[in-house]
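Trainee: This is a predicted model, with the sequence first.
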Amino acid sequence: MTRVSYWITGLALLSCTSACGTKTLPPAEKPALEMPQIANAVSPPPGQTQVVIDADGDDASVELVISKVQHWSGGLIETRRLCSHTPCSAALRPGSYELQIRSNDGSGRHQIVPLDVGQAPTVLRHHLFEHQPAGALHVIGTILAPLGVTGIVTGGILALVNSADGTDLGNAPETTLALSTAALALGLIALIVDRPTFTPGSTVQFDSLGTQKPADNLTGTEIQLTERRPATSGFVALTPTGFIGTF
């Protein structure tokens, strides 16, 4: 029983390394090729093009990325605010840009999205990634699985003591191993069934005539090197420790 329990524990923990983490779902469906309704559209001056930006039903702020610098401890980004709420419009010169779109729902979801601006007015619609946290069943699994591992180790020690010096512990080692193995199995099942999920975002861009432009599906990974700053200059650094420094 001891050897079987150890094999079960090892295989279960090995499988959990890939099956108990966040489950990545297929990317979100691309937003429809529909012109968003904007109350106050921007009239572009000569030499610039009107750009309409929408977060596919999500209220979000939009910033133009001026520069990015990455290093081992995090990264730096410089941005300029284009609008505080979507859908919105802005005027930009023709060229290639990157926009930072951040949800206003307080979840912290934000992504950098590529934008190509030509002579014709263009529309960019982006669906931000979605993250669904685990529920109560996952919490139960985080309790049962460690208890099961601890019980299996304890049962193994009792079995060794029982066979080494002739101490009669009765069925205590076998019972401990059996119950602990069951607890571990139930805990791992709960962790796998109630995993958190991650849905990558998606982007579509088209001009005023409805012609779709190529726009890559984003992975939706949260941008760890960015932090919002409405000023046109200055940097904000976000390090892995959570410290934010402005200079």
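Mentor: Alright, I've got the coordinates.
Trainee: Any stretches of this structure with poor pLDDT?
Mentor: Where the chain drops to pLDDT under 70, the residues are 1-20, 71-75, 161-170, 208-247.
Trainee: what about 50?
Mentor: Across the chain, residues meeting the criterion (pLDDT under 50) sit at 1-2, 215-247.
Trainee: hey, where'd the helices end up in it?
Mentor: 2-19, 136-164, 172-193 (DSSP state H).
Trainee: What residues sit buried inside stretch 82-91?
Mentor: Leu82, Cys83, Thr86, Pro87, Cys88, Ser89, Ala90, Ala91 (16 or more other C-beta atoms under 10 Å). From N, CA and C alone the C-beta is placed, and that goes for glycine too.
Trainee: The third one reaches Ala55, doesn't it?
Mentor: Yes: with contacts counted by C-beta atoms under 8 Å, Thr86 reaches Ala55, the gap being 4.4 Å.
Trainee: Pull up the overlap in contacts between these two.
Mentor: Shared contacts of Thr86 and Ala55, defined by C-beta atoms under 8 Å, 6 or more residues apart in numbering, are found at Ile101.
Trainee: quick one, longest strand in this protein?
Mentor: In the chain, taking DSSP state E as the definition, the longest strand is strand 60-71.
Trainee: What pairs with it, parallel or antiparallel?
Mentor: Paired with strand 60-71 in the same sheet, following DSSP bridges, are strand 74-83 (antiparallel), strand 95-103 (antiparallel).
Trainee: In contact with the residue lying closest to Gly118 once chain neighbours are set aside, which residues?
Mentor: Nearest residue to Gly118 in three dimensions, chain neighbours excluded: Pro94, at 5.5 Å (C-beta to C-beta, 6 or more residues apart in numbering). Neighbour list for Pro94: Thr49, Val117, Gly118, Gln119 [criterion: C-beta under 8 Å, 6+ apart].
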